[in-house]
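A.B. asks: turn this into a structure:
(chains A and B)
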Amino acid sequence: MTTPSKVRTRFAPSPTGFLHIGGARTALFNWLFARHHGGVFVLRIEDTDEVRSTHESVDAILDSLRWLGIPWDEGPETLEKDRGPYAPYFQMKRIDSYRAFARKLLQEGRAYPCYCTKEELDAMRRLAQLEKRPPRYDGRCRDLTDEKRREFEAAGKKAVLRFRMPDEGTTAVPDLIRGNVQFENALLQDFVIMKASEVPTYNFACVIDDHAMEISHVIRGDEHLSNTPSQLQLYAALGFEPPAFAHLSMILGPDGAKLSKRHGATSVLEYRDQGYYPKALRNYLALLGWATSESQELFEEEELFRKFSIEGCQKSPASFDPAKLLWMDGEYLRKLPAPELLAAARPFLEKAGLWGKPGLEQVAALEREKYKLLSDVPKLLDFFFKDSLDWTDKAQKLVAADGPRALLGELAAELSRLPSFAAKPLEEAIRGFCAARSLKTSQVFHPLRAAVSGRTEGPSLFEMLAALGREKVIARLRQAAATPGPLAR
RNA sequence: GGCGCGUUCGUCUAGCGGCCUAGGACGCCGCCCUCUCAAGGCGGAGAUCACGGGUUCAAAUCCCGUACGCGCCA
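C.D. replies: Residues are numbered from 1 along each chain as shown, chains lettered A, B, ... in the order given. As a prediction, the model looks like this:
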């Protein structure tokens, strides 16, 4: 593959919903490719669907990309660039340019007005299906006389503009991932480039803009491969030099169907809200349909830039594996320095009322290898701060019997006399307590853990006691010792 | 229906004619470590490389069919 001197890639979402995983992966690959080549990554909003486009979707897409850490060099809200040669980055603000090119194609006879009604087109389709022909526009408005056109116009008929496809020959799509893909022109139909509302269709606007924005590489989802020959014909008719194309394999859901907005947890923002760490998601996404020859899993950002290549892209679709994502998230959280971890988990800590609690950082460090999600941080820590414990069934059982309860009472008395409540002296005292009574350590450790935390799982026992502090430990032990039978929740 | 794309362990993948008795990762199972849970270490099960033909001394790798899946067109 040649390395062009000026690489410009783009991500061009339609603001008709949240940014989903597949879109984020496409954006990511465009960004990585641009970075790898020292190029520019453009964000363009394709809001020509007048009915379904919303401002909320635009915001959601921008938020998603920002959160994921996929910054765009040009696009909405890059204010200093808004006056640049490629602005604006919303297609509805570029309407004039599409209309101008449409007029040009019309004048040159490469496009023509089509007056067919929805009913006529439906009938055409049904007939084709009956005759087992491919359902396509039959070209009936291709060569209308001027007179006929005037007649339609006079009757108030609205026209769309169709592009005149060559009747013969083939169009080759040179694809960086799939090689040369051939399409027969005769099978391509005269597609609509301007709707009756004089708003361009996707295939048209996309070509005009990619050319105007000097996009060098169009990296997009596989579902656009079939559109590409039509677009290539448009490039030729307009006298534009086409960009290089790379069609990415799709992302499938766990059920093997295309991962879509309908699939549930496919929105990037949902992952944010569930507590995923953005760099982990981004790393995981990079691995969906791309790999290095070493099958490396974890990448620093710089490494991703350096190692990313189109050659490493997979032709076959990839299934999204939530289990692997979760593992990767844990990997990232484990490596995070404590202050950064807390800062990242802040929204979740605030929600749990733990943000700003004294000793939070110290306590958080005790559980650090257990967090898989940022939302796990408050979940695993709240017993340190809560006044009343959420007892698990297992923990209740451990302190329910009279024997352990009596021991806990004695332990409370002994620990209250300890000169220092640091981990070391605590360990010595408690082990001594066991030895003096000829008890196995587990006979004391387990009820003790349960009594002070309400759980059977947690950090190292003595570290945990030290972090809780004498007051809480003694109070919880006395309470456990005094409560007969199963503890009240 | 036509056209296009794809098919290596459950999943992500390495592989681009001999290094493959197919490597790594997630998940799963077992052992070790150990005050619990994790983390970590060690090990294991798991892929007749979709199927059938070729080409070749040699094919997961090249060619042709078939099947299945997916996409686009409507």
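A.B. asks: so residue A:141, which of the three states?
C.D. replies: coil (DSSP: H, G, I helix; E, B strand; the rest coil).
A.B. asks: surely it meets residue A:117?
C.D. replies: No: taking contacts as Cβ atoms under 8 Å, residue A:141 lies outside contact range of residue A:117: 11.2 Å. Every C-beta, even on glycine, is put in place using the N, C-alpha and C of the backbone.
A.B. asks: number of residues surrounding residue A:127?
C.D. replies: 12 (other Cβ atoms under 10 Å).
A.B. asks: check residue A:400 too.
C.D. replies: Residue A:400 - counted by other Cβ under 10 Å - has 17 other residues nearby.
A.B. asks: what distance do you get for it to residue A:450?
C.D. replies: Residue A:400 sits at a distance of 10 Å from residue A:450 (criterion: Cβ to Cβ, to the nearest Å).
A.B. asks: got the residues of the stretch 101-250 of chain A near RNA strand B?
C.D. replies: Taking Cβ under 7 Å from any atom of the strand as the measure of proximity, the stretch 101-250 of chain A contacts RNA strand B at A:121, A:125, A:132-136, A:178-179, A:181-184, A:187, A:189, A:191, A:222-227, A:249-250.
A.B. asks: list the helices and strands the helix or strand bottoming out on mean pLDDT in chain A packs on?
C.D. replies: The least trusted helix or strand in chain A, going by mean pLDDT, DSSP states H and E, turns out to be helix A:118-130, with a mean of 79. In terms of contacts (3 or more Cβ pairs under 8 Å, 6 or more residues apart in numbering; DSSP states H and E), helix A:118-130 is not packed against any helix or strand.
A.B. asks: sorry, back to before: looking at residue A:141 and residue A:117, which is more packed in?
C.D. replies: Neighbour count, other Cβ under 10 Å: between residue A:141 and residue A:117, residue A:141 has more, with 20 against 10.
A.B. asks: if I look at the more buried one, how far off is residue A:108?
C.D. replies: Applying Cβ to Cβ to residue A:141 and residue A:108 gives a distance of 17 Å.
A.B. asks: what's the nearest residue to residue A:288 if we skip its chain neighbours?
C.D. replies: residue A:318 (4.6 Å; Cβ to Cβ, 6 or more residues apart in numbering).
A.B. asks: how about the residues of the stretch 301-450 of chain A by RNA strand B?
C.D. replies: A:311-312, A:314-319, A:321, A:323-324, A:326-327, A:330-331, A:334, A:369-370, A:441-442, A:445-446, A:449.
A.B. asks: now, of those residues, which are buried?
C.D. replies: A:317-318, A:330, A:370, A:445-446, A:449 (16 or more other Cβ atoms under 10 Å).
A.B. asks: now the two most distant members of these.
C.D. replies: A:317 and A:445 (50.5 Å; Cβ to Cβ).
A.B. asks: narrow the residues of the stretch 101-250 of chain A next to RNA strand B to those in strands?
C.D. replies: A:179, A:181-184 (DSSP state E).
A.B. asks: just the buried members of those?
C.D. replies: Here, 16+ other Cβ under 10 Å leaves A:181, A:183 buried among these.
A.B. asks: now tabulate the ones in strands among the residues of the stretch 101-250 of chain A next to RNA strand B in a markdown table and tack on distance to residue A:104.
C.D. replies: Shown next, in a markdown table, are these (distance: Cβ to Cβ, whole Å):
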| residue | distance to residue A:104 |
| --- | --- |
| A:179 | 33 |
| A:181 | 29 |
| A:182 | 29 |
| A:183 | 25 |
| A:184 | 27 |
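A.B. asks: out of the ones in strands among the residues of the stretch 101-250 of chain A next to RNA strand B, which comes closest to residue A:338?
C.D. replies: residue A:179 (49.7 Å).
A.B. asks: let's see which of the buried ones among the residues of the stretch 301-450 of chain A next to RNA strand B end up in helices.
C.D. replies: By the criterion of DSSP state H, membership of these in helices covers A:330, A:445-446, A:449.
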